[in-house]
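# Kindly return the folded structure for what I paste below:
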Amino acid sequence: MACTKRILLKRQNKNPGSCFCLEIFRYDTIVPRSIFLVLEPELSVNRVELLEKRVSKIAILPDILCNQISAGEVVERPAAVVKELIENSIDAQSSRISVSLIDGGRREIRVVDNGCAMSAEDALMSLERHATSKIRSAQDLNSISSLGFRGEAIPSIAAVSRFELSTREHEAICGTCIRVEGGVIKDVREKGCPPGTQVLVRDLFYCVPARRKFLRRAETELAYITDLFLRISLANPQIHLQLQSQEKLLCDHLRCDGLLHRATQVLGPDIARSLTPIDFEKNGISVSGFLAPPDVQRTNSQSLFLYVNGRAVWDRLLQRVVLTAYEALIPRGKYPVAVIFVGISTADVDVNVHPAKREIRFRNPGEVISIVRAALFEALSTIRPNSYGFSRQEGGIFERRHAATRVGMASEGQAPFGSGSWSQRNIESASHPGSSPGQALIRGATGFIGPAQSLRHPASGISTSADVPAGAPGQGTLTGGPPYPAVQAEMNAGPFAYSNLKFLGQLANSFILLEAPNGLVLIDQHAAHERIVFNGLSKKKTKAAQLLARPAVVDLLPKEAVMLESLVPSLRDLGFEIEPFGGSSFAIHAVPASLSEFKPEQILRDYLRYAEEECPADEGEIRLGLARVASCHGSVRAGHRLKTEEIKHLLELLDSIDTPFTCPHGRPLSYTLTYEQIFRLFKRS
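The predicted model follows:
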């Protein structure tokens with residue numbers, strides 16, 4: 001940086017009081033603050049005063065202060081220290097890593113591994129900023145395969161704590177111990193220690209009081225560390241990891257052969273039994289992992305374990321695609337349990353976008369999200385209930401379809417879960433002139449459902465099943481059968497199918513009552529039909545458009561109009577033809593063929609309300625949103641009386657779809673009142 005020093009000279013003999021500025025030299029490097037005077041020989045100078053007309057506002061900070069500032073980006077809390085140290089141990093090819101904490105890591109953090117250690121020279125070099133063994137040139141940034149690569153963690157941690165590094169190479173006779181306090185090296189000596197590396201961090205932020213006062217309670221910091229430890233452990237089943245707090249063992253994850261066994265250690269055997277594997281690959285991008293069934297729900301997103309090339313990430317795009325896949329299966333405000341590993345070329349992902357390496361950036365995010373979404377929907381389509389509807393009994397209600405092929409897990413003491421594939425059956429619906437899509441989907445053999453009626457509560461709320469044909473499925477099941485214990489033994493006698501159950505009647509013209517081997521099943525007819533219509537609409541990939549005989553004009557609020565303008569290109573790709581009609585009005589000239597039977601104004605208005613809350617990101621999410629909105633309008637309403645043939649056809653359609661357990665909004669469509677609950681109501685044992 002070029003600077004110019006100027007000198008103000010006062011001359012006493014000639015022109016007293018006059019002064020002038022003399023440019024004496026220009027320099028391009030940093031120089032000390034000592035004054036260099038270059039005076040003309042003929043000048044008689046009594047006094048020279050140096051005045052810097054331009055005082056430099058930019059100064060180079062000391063190295064210690066630089067490390068403390070860098071620590072503010074890399075070392076946010078004790079959990080960040082644990083993360084950086086464990087990742088270094090993993091990069092060192094360790095097979096055993098132990099983490100010990102005191103006071104939630106605020107007082108002491110100790111990480112010990114048995115990986116390839118460092119020599120004395122390398123150990124000292126590791127304390128310098130940007131000193132790393134992971135990369136050598138700028139080209140290496142395009143193919144980062146290690147967890148760490150910046151060389152900032154160790155000096156940043158040492159700058160804000162009492163730091164001690166002990167390391168010994170496997171072939172060395174003795175190791176090296178380096179002690180640092182507040183970024184200043186206090187001691188370097190030889191030390192007898194086992195092969196590997198031990199890092200001891202005491203009194204974190206002791207020299208930065210402003211940062212230390214923002215640390216949370218020990219319990220809170222321990223919770224952050226535990227969550228991070230579990231995420232790292234889940235991705236590394238080949239490593240034995242231990243976590244201790246106050247000399248008490250919290251987690252002891254032994255080295256295991258596969259991801260499923262490590263998932264059992266991290267998530268617990270109950271959830272592990274119900275997990276559905278993911279195995280999908282397309283265009284060089286692989287998606288693997290496990291999905292829990294929709295009935296396993298959490299209140300926050302901490303149950304989403306997302307990894308890219310083995311690195312735990314907090315990526316909004318990946319989180320969004322997972323929540324979108326479960327959106328029609330769980331209620332709003334709930335989160336699924338999912339373990340997802342995305343494998344992609346290191347050249348197509350940038351991990352150098354966040355100081356703590358938590359966030360990433362894909363070169364082609366649209367392609368990645370599309371492939372991950374396809375993998376999730378394929379895996380979710382293999383999940384089936386193993387009982388008839390939700391109930392208050394403990395345990396999950398889902399199992400894999402076609403569980404004939406089993407995965408042996410006897411060594412872990414777990415019940416095997418199913419594997420294999422399932423071919424999706426197409427939903428067949430007869431066409432009928434003048435009927436709505438919902439009526440066409442549910443139409444029975446001898447009649448079809450008319451317009452939905454308002455909710456009524458007749459005196460006789462339950463319609464009888466006397467008109468059920470003699471050979472109908474479920475006819476005579478459990479009639480005059482044995483009491484509850486024997487009935488319970490028949491629970492798994494046949495395959496799961498609503499249409500195989502005995503039809504008892506219709507309650508309040510809103511709920512279908514069925515007799516199941518384990519109790520009384522109540523089905524919400526509107527929710528069930530809504531699910532059928534939603535699945536039919538969301539599976540249609542055609543972009544054929546249906547021109548309207550007369551353009552439909554929709555008047556919107558200014559905010560809705562702005563949102564619609566931004567969505568017009570995406571809606572056009574789906575088959576809509578929409579153009580401005582003056583002010584906040586729009587004219588709809590064509591709609592997708594799959595939505596041609598619905599009112600376009602109502603569908604569009606309701607979808608804008610949905611889009612305002614969900615902010616769909618691509619064509620797939622927009623299609624699902626439209627299907628969700630349309631399914632609600634085209635479904636049988638509560639209070640509408642159904643014929644027996646219509647109910648039978650509804651149950652058959654419900655059995656034919658992928659996910660017959662919730663409506664598109666995540667609400668359960670069936671509930672089982674078990675015999676045990678019924679007997680308890682009547683005080684019978």
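
# need the helices for the stretch 251-400 of the chain, in chain order.
Taking DSSP state H, counting those that start in this stretch to define them, one finds helices in the stretch 251-400 of the chain at 259-267, 269-274, 316-326, 365-380.

# With mean neighbour count and distance to residue 188 added, can I get the ones you listed in CSV?
Where you see a C-beta, it was placed from the backbone N, CA and C, and this is true even at glycine. As requested, these are arranged in CSV below (neighbours: other Cβ atoms under 10 Å; distance: least, Cβ to Cβ, whole Å):
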stretch, mean neighbour count, distance to residue 188
helix 259-267, 21, 39
helix 269-274, 18, 48
helix 316-326, 19, 44
helix 365-380, 19, 47
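
# what about the ones you listed, which gets the closest to residue 95?
Ranking these by proximity to residue 95 (Cβ to Cβ) places helix 259-267 first, at 14.3 Å.

# With residue 112 as the reference, name the closest of the helices of the stretch 251-400 of the chain.
helix 259-267 (20.1 Å).

# What average pLDDT does the closest one get?
In this model, helix 259-267 has a mean pLDDT of 93.

# again with stretch 186-206
94.

# list the buried ones in it?
Neighbour-count burial for stretch 186-206, counted by 16 or more other Cβ atoms under 10 Å, picks out 193, 195-206.

# now do the same end-to-end measure for that stretch.
16 Å (Cα to Cα, to the nearest Å).

# In a markdown table: the helices of the stretch 251-400 of the chain, plus distance to residue 575.
Formatted as a markdown table, the helices of the stretch 251-400 of the chain follow (distance: least, Cβ to Cβ, whole Å):
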| stretch | distance to residue 575 |
| --- | --- |
| helix 259-267 | 41 |
| helix 269-274 | 38 |
| helix 316-326 | 21 |
| helix 365-380 | 19 |
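
# pLDDT below threshold where in the stretch 401-550 of the chain?
Applying pLDDT under 70 to the stretch 401-550 of the chain picks out residues 401-495, 540-543.

# mind checking which of the helices of the stretch 251-400 of the chain is nearest residue 133?
Distance to residue 133, taken as Cβ to Cβ, is lowest for helix 259-267 among the helices of the stretch 251-400 of the chain, at 27.6 Å.

# Please save the CA atoms from that closest one in CSV.
Only the C-alpha atoms of helix 259-267 are listed here, as CSV (Å, rounded to 0.1, in the frame of the first residue of the first chain):
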residue,chain,number,x,y,z
LEU,A,259,-25.1,-47.8,9.5
LEU,A,260,-28.1,-49.7,10.7
HIS,A,261,-26.3,-50.9,13.8
ARG,A,262,-25.0,-47.4,14.6
ALA,A,263,-28.5,-46.0,14.1
THR,A,264,-29.7,-48.4,16.7
GLN,A,265,-27.0,-47.1,19.1
VAL,A,266,-27.9,-43.4,18.4
LEU,A,267,-31.7,-43.5,17.9
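
# Show residues contacting that helix.
Residues external to helix 259-267 that are found in contact with it (Cβ atoms under 8 Å, 6 or more residues apart in numbering): 230, 233-234, 236-237, 253-254, 256, 271-272, 275, 277, 288-290, 337, 339, 341, 407, 409, 412, 414.

# Select from the residues you listed every entry located in strands.
253, 277, 288-290, 339, 341 (DSSP state E).

# so which of these comes closest to residue 126?
residue 253 (27.4 Å).

# so that closest one bridges to which residues?
residue 241 (DSSP bridges).

# Per-residue pLDDT of it, please?
Residue 253 is assigned 96 on the pLDDT scale.

# measure it to residue 339 for me?
14 Å (Cβ to Cβ, to the nearest Å).

# Among these two, which residue is more densely surrounded?
residue 339 (26 against 22; other Cβ atoms under 10 Å).
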